[in-house]
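Student: sharing a model prediction with you, sequence too.
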Amino acid sequence: MSDVEQIKKYLDSIGPANKTRMLTESFTESTLREDDAAMIADELSEIKEQIKQLTYEAMELVPRDAGAHGRAKSYWFPQILQALDDESEYMGSSMHSMQDTIEELEAEGAPYDQDDDHDYHNRLDDEQYGDE
């Protein structure tokens, strides 16, 4: 059994709350090991599919003959699906979907630098307010 398989088996045995805590602690370190990135990407993929399934289930609960159904189908339903990935039938997309994050982790398995997030937001502020 590989190290990744052993870690997955251990995480499955400790329960969801502890599993989430342990996975998020990996992000606080300055560097993600390749195995950590792969494990986190796998877990995010599973969560993404669960969210998608629950979103469809929630939509099924809204009565089709109610005005709320049309509004739900036009607003919160596509927004949730588009935030997950680009596989929905709706026009438009998320600027950075959950699938984008998964693919980034799979590709990099690399350093996570919180300064990158800070720099990115500063660039957005500069562009928005015309500073260069």
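Tutor: Now that the structure is in, tell me what you want to look at.
Student: first-to-last residue distance for stretch 85-100?
Tutor: By Cα to Cα, to the nearest Å, the extent of stretch 85-100 from end to end equals 7 Å.
Student: apologies, that question was intended for stretch 69-86.
Tutor: 22 Å.
Student: so where is this structure shaky, pLDDT-wise?
Tutor: Low-confidence segments of the chain, defined by pLDDT under 70: 2-4, 6, 8, 15-32, 34, 90-93, 109-132.
Student: show me which helix runs longest in the protein.
Tutor: Counting by DSSP state H, the longest helix found in the chain is helix 34-61.
Student: helices and strands around it, which ones?
Tutor: Secondary-structure packing of helix 34-61 (3 or more Cβ pairs under 8 Å, 6 or more residues apart in numbering; DSSP states H and E): helix 3-14, helix 16-28, helix 76-84, helix 98-108. Glycine gets a C-beta too; all of them are placed from N, C-alpha and C.
Student: next structured bit after it?
Tutor: With elements assigned by DSSP states H and E, the helix or strand that comes after helix 34-61 is helix 67-74.
Student: list the buried ones in the longest helix of the chain?
Tutor: Neighbour-count burial for helix 34-61, counted by 16 or more other Cβ atoms under 10 Å, picks out 36-41, 43-45, 48, 52, 55, 59.
Student: could I get the residues you listed in JSON lines, plus columns for distance to residue 102?
Tutor: Conversion of these to JSON lines gives the following (distance: Cβ to Cβ, whole Å):
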{"residue": "36", "distance to residue 102": "14"}
{"residue": "37", "distance to residue 102": "10"}
{"residue": "38", "distance to residue 102": "10"}
{"residue": "39", "distance to residue 102": "12"}
{"residue": "40", "distance to residue 102": "9"}
{"residue": "41", "distance to residue 102": "5"}
{"residue": "43", "distance to residue 102": "9"}
{"residue": "44", "distance to residue 102": "5"}
{"residue": "45", "distance to residue 102": "6"}
{"residue": "48", "distance to residue 102": "7"}
{"residue": "52", "distance to residue 102": "13"}
{"residue": "55", "distance to residue 102": "17"}
{"residue": "59", "distance to residue 102": "23"}
